[in-house]
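Enquirer: How does the following fold in three dimensions:
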Amino acid sequence: MVTCRDGKDDAEKRVCSAELQIVQTANNASSVVFSWLIGLNAAGAPVSVLRFPSGVLIGPGVELKLLPKDARKIPFTSCEPARCDAAVVMDDGFMRDAAAAQTAEATIYASDGRGVKFTINMKGYQQGLAAIRK
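Expert: The predicted model follows:
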């Protein structure tokens with residue numbers, strides 16, 4: 001999903017972001033258990049933010065594997081009572097690997113130490129990245 005916000009006036013640029021969510025349904029209730037947001041930072045560089053519910057081990061960060069490439073470590077940048085964010089500026093290699101991947105895996109470590117893996121369908125990644133750059 002791509003969302004854009006127009007500037008307040010002609011001098012302020014339009015700001016867009018792309019978001020992929022993984023939703024878990026249990027007991028007739030749905031909750032977002034993973035979000036991947038892509039946007040541009042103030043310098044215009046693409047940034048990925050991976051968002052998870054709180055209750056994670058901060059130290060290991062997130063392991064993001066853009067298959068078939070090796071996992072990249074992405075540090076957590078903030079944690080609040082309801083969520084934790086890990087963020088990374090996407091360099092050319094990251095964007096190339098993401099564009100080539102059909103599937104990605106994000107692994108976090110719960111506060112009890114067990115790994116929790118999220119499988120991500122990368123369909124639409126290139127279109128989302130192109131849309132936020134317009």
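Enquirer: going forward, measure contacts between C-alpha atoms and count neighbours the same way
Expert: Fine.
Enquirer: Pick out the residue closest to the middle of this structure.
Expert: Centroid check for the chain by C-alpha atoms, centre = their mean gives Trp36 as the closest residue, at 2.4 Å.
Enquirer: That one is in what secondary structure piece?
Expert: Applying DSSP states H and E as the criterion places Trp36 in strand 29-40.
Enquirer: after that strand comes which helix or strand?
Expert: strand 46-53.
Enquirer: Give the other helices and strands that that following strand contacts.
Expert: If contacts are counted by 3 or more C-alpha pairs under 8 Å, 6 or more residues apart in numbering; DSSP states H and E, strand 46-53 sits against strand 29-40, strand 83-89.
Enquirer: Mind putting these into CSV with mean pLDDT and distance to Leu57?
Expert: What follows is those, written out as CSV (pLDDT from 0 to 100; distance: least, C-alpha to C-alpha, whole Å):
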stretch, mean pLDDT, distance to Leu57
strand 29-40, 92, 15
strand 83-89, 96, 10
